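K.L.:
3D model of this:
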Amino acid sequence: ARAQAGDALAAVDRVLDKLEHRMEKLKGRLASRSHPHHRGTLGSGTVEDAEADLDGSPQIVRVARSATKPMTPEEATLELDLQSLQFCFFTNAETGRAAVVYRRGDGRFGLMDSS
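P.N.:
Now for the predicted structure:
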């Protein structure tokens, strides 16, 4: 977290407030994930959905499809910034293989290229 203020102590207080807010949001997300009433709410509500949720296996809740066009990692990074995404799946024009460019926690980018 980052914050600016007139003096160092005020900046530290603001950063602490931001971090506390983030922790509360994370705690809420984790609690809602494990809460039994929230499980299966994204599905169609059929009996099969409810039974699948009970076995504890990972569930796909959203499928996004997009055409992967050949581009360089630099072009994929620009696409990532333009669309404010966390990652971009593409065909690497340099290698002809599937690749992913992703946004790292430090603001820089990473590249995963299939072999």
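
K.L.:
who touches stretch 11-24?
P.N.:
1, 2, 3, 4, 5 (CB atoms under 8 Å, 6 or more residues apart in numbering). Every C-beta, even on glycine, is put in place using the N, C-alpha and C of the backbone.

K.L.:
For residue 106, state which of those residues is nearest.
P.N.:
residue 2 (12.4 Å; CB to CB).

K.L.:
those strands in this protein, which residues are they?
P.N.:
Secondary structure of the chain (DSSP state E): strands at 70-71, 87-92, 98-103, 109-113.

K.L.:
where does the chain have low pLDDT?
P.N.:
Applying pLDDT under 70 to the chain picks out residues 32-55, 66-67.

K.L.:
again, only this time at 50
P.N.:
Within the chain, the stretches with pLDDT under 50 are 40-51.

K.L.:
okay, which residue is most central for it?
P.N.:
Central residue of the chain (CA atoms, centre = their mean): residue 86, 5.8 Å from the mean position.

K.L.:
right, and it touches residue 100 too?
P.N.:
No: Residue 86 is not in contact with residue 100 according to CB atoms under 8 Å; the separation is 10.3 Å.

K.L.:
and the longest helix for this structure?
P.N.:
Secondary structure of the chain per DSSP state H: the longest helix is helix 8-34.

K.L.:
centre of the chain versus that one, how much separation?
P.N.:
18 Å (CA atoms, centre = their mean, to the nearest Å).

K.L.:
thinking again about what came up before, how about the contacts made by the residue nearest to the centre of the chain?
P.N.:
80, 102, 103.

K.L.:
likewise residue 84?
P.N.:
No contacts exist for residue 84 under CB under 8 Å, 6+ apart.

K.L.:
do residue 80 as well
P.N.:
86, 87, 88, 101, 102, 103, 109.

K.L.:
do residue 26 as well
P.N.:
With CB under 8 Å, 6+ apart, residue 26 has no contacts at all.
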